[in-house]
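[1] Fold the following and give me the result.
(chains A, B, C and D)
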There are 2 protein chains.
Amino acid sequence: MRAGGGRGARGRVAGSTAALGTYLARQGLKHSRRRERIAEIFFGMVGHVSVEELLGHARREDRRVSQATVYRTMKLLVESGLANAREFGDGQTRYEVAVGRSHHDHLICTGCGIIAEFADEQIEALQASVARRHGFSVERHRLELYGRCSRCRAEARREARP
Amino acid sequence: MRAGGGRGARGRVAGSTAALGTYLARQGLKHSRRRERIAEIFFGMVGHVSVEELLGHARREDRRVSQATVYRTMKLLVESGLANAREFGDGQTRYEVAVGRSHHDHLICTGCGIIAEFADEQIEALQASVARRHGFSVERHRLELYGRCSRCRAEARREARP
DNA sequence: GGCGATAATGAGAATCGATTTCAATATGGG
DNA sequence: CCCATATTGAAATCGATTCTCATTATCGCC
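    Below you'll find the predicted structure:
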């Protein structure tokens, strides 16, 4: 099973790395080892990754990696559509792998910071209809729900007990 | 009509300024002329105001106003619930008057930057239901629709014509 | 009306994430 | 292998915001 089929982490990493190569070629950019490694590390990560985290991982392999290169690489990945940039109000941009994923929005726990994802067609449809009513055509949107996850609420209940 | 009834800009400014006084007293803070003028100017403005804009207005009256004071005053207004802070992705925080206004979300034109407001109960209800399904209780949310307003779309059509 | 404790202020320094600069290095086509 | 050119690391810079600190304003009290 492990080395098999098409959609494991290895497959995703390989496919996305190849896609990056295509993008670079099309833009007349060169292909570099550093960039490729940073991209591979990113594609192998799950969740919402900050530059700081990514830099940490990259430096575990080679201490000389500069944060500027990580920033530059992430910018390329976003431009090429292989990553999405997100910002959840803590001032840091976070990136998520875009390949093989469909549109979704986020739920962020204000207690522990955990980030959950959801997609709701009805909300999407209502957004489009609201925009239409105001004469707008929507290009993109941003929807984040901030609250308490069940675990944090349970924790709070436990602490409140006398 | 101008000087009349209860809800004109004058009434809003006076009422909100008084509310700020109450808040300051409750917090054991002092009442200062600078702060009061900045707040009055803010309450008299419409739309989504940046610190830069507010500082410009304040300095028209007295060139010595410091931007630190404007930042500090806006922080107080937000804490007291008299202003809401919003951030539409251009890196600058914008403030809107909160008094006499109910919850709403925003539509932002990516062409001219105009900001429209809307409120949609169905979307709100669906958000709560999505959150519940994920075990979250929502404290607040952030919903912004980015797109083209009708004016900008018309402009684009005109320019595209051969 | 003046005192004294303390909050508010302005100016500039500091912060923080992100970007840019620039000299050194790597890449890839010919 | 060479050259033009893209990429890199380190440090400088950016822009919004916050902080520091010495000076000034406010307010309760006499």
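
[2] So what touches the helix or strand harbouring A:His106?
    Counting by DSSP states H and E, the element that carries A:His106 is strand A:105-109. If you take Cβ atoms under 8 Å, 6 or more residues apart in numbering or on different chains as the criterion, strand A:105-109 is touched by A:86, A:88-89, A:114-120, A:123, A:143-149, A:152, B:130-131, B:134, B:136. All C-beta atoms are positioned from the backbone trio N, CA, C, and that covers glycine.

[3] Stretch A:67-74 too?
    A:Arg34, A:Arg35, A:Ile38, A:Ala39, A:Phe42, A:Val51, A:Leu54, A:Leu55, A:Ala58, A:Ala83, A:Ala85, A:Tyr95.

[4] In helices only, show me those residues.
    Taking DSSP state H, the ones among these that sit in helices are A:Arg34, A:Arg35, A:Ile38, A:Ala39, A:Phe42, A:Val51, A:Leu54, A:Leu55, A:Ala58.

[5] Now for the first one, how many residues are close by?
    Read it as A:Arg34. 16 (other Cβ atoms under 10 Å in any protein chain shown).

[6] So for stretch A:12-25, what gets flagged as buried?
    A:Arg12, A:Val13, A:Gly15, A:Ser16, A:Thr17, A:Ala19, A:Leu20, A:Tyr23, A:Leu24 (16 or more other Cβ atoms under 10 Å in any protein chain shown).

[7] what residues does chain A put near DNA strand C?
    Selection of chain A residues close to DNA strand C by Cβ under 7 Å from any atom of the strand yields A:30-33, A:50-51, A:67-68, A:71-72, A:75, A:87, A:91-93.

[8] Tell me if I'm right that A:Leu126 and B:Ala125 touch.
    No. Judged on Cβ atoms under 8 Å, A:Leu126 makes no contact with B:Ala125 at a distance of 10.0 Å.

[9] higher neighbour count, those two?
    Neighbours per residue (other Cβ under 10 Å) separate A:Leu126 from B:Ala125, with A:Leu126 holding more: 18 against 13.

[10] In terms of helix, strand or coil, where does the more buried one fall?
    Per DSSP: H, G, I helix; E, B strand; the rest coil, the secondary structure class of A:Leu126 is helix.

[11] outside of the lengthiest helix in chain A, which residues touch it?
    Secondary structure of chain A per DSSP H: the longest helix is helix A:9-26. The contact list for helix A:9-26, computed with Cβ under 8 Å, 6+ apart, reads A:3, A:5, A:30-31, A:35-36, A:39-40, A:43-44, A:76-77, A:79-80, A:82, A:97, A:99-100.

[12] what pLDDT does A:Gln27 get?
    Looking at A:Gln27, its pLDDT reads 94.

[13] Repeat that for A:Gly8.
    Looking at A:Gly8, its pLDDT is 65.

[14] what's the answer for A:Ile123, then?
    In the predicted model, A:Ile123 carries a pLDDT score of 98.

[15] which secondary structure element contains it?
    Using DSSP H and E, A:Ile123 falls within helix A:121-133.

[16] Give me the buried positions along that helix.
    Counting neighbours by 16+ other Cβ under 10 Å, one finds that the buried residues in helix A:121-133 are A:Ile123, A:Glu124, A:Leu126, A:Gln127, A:Ala128, A:Val130, A:Ala131.

[17] Can you give the contact residues for it?
    Residues contacting helix A:121-133 (Cβ under 8 Å, 6+ apart): A:103, A:105, A:137-138, A:141, A:143, B:107, B:118, B:120, B:122-123, B:126-127, B:130, B:143, B:145, B:147.

[18] Let's see the ChimeraX selection covering just the buried ones among those.
    Per 16+ other Cβ under 10 Å, the buried members of those correspond to this ChimeraX selection:
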select /A:105,138,141,143 /B:107,118,120,123,126,127,130,143,145,147
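
[19] Nearest to the spatial middle of chain A, which residue is it?
    A:Glu96 (1.1 Å; Cα atoms, centre = their mean).

[20] Run a quick check on it versus A:Ser50, I expect a contact.
    No. If you go by Cβ under 8 Å, A:Glu96 and A:Ser50 don't touch, sitting 11.1 Å apart.

[21] hang on, the earlier thing: adjacent strands (with direction) for the strand holding A:His106?
    Here strand A:105-109 is paired, per DSSP bridges, with strand A:115-118 (antiparallel), strand A:137-148 (parallel).
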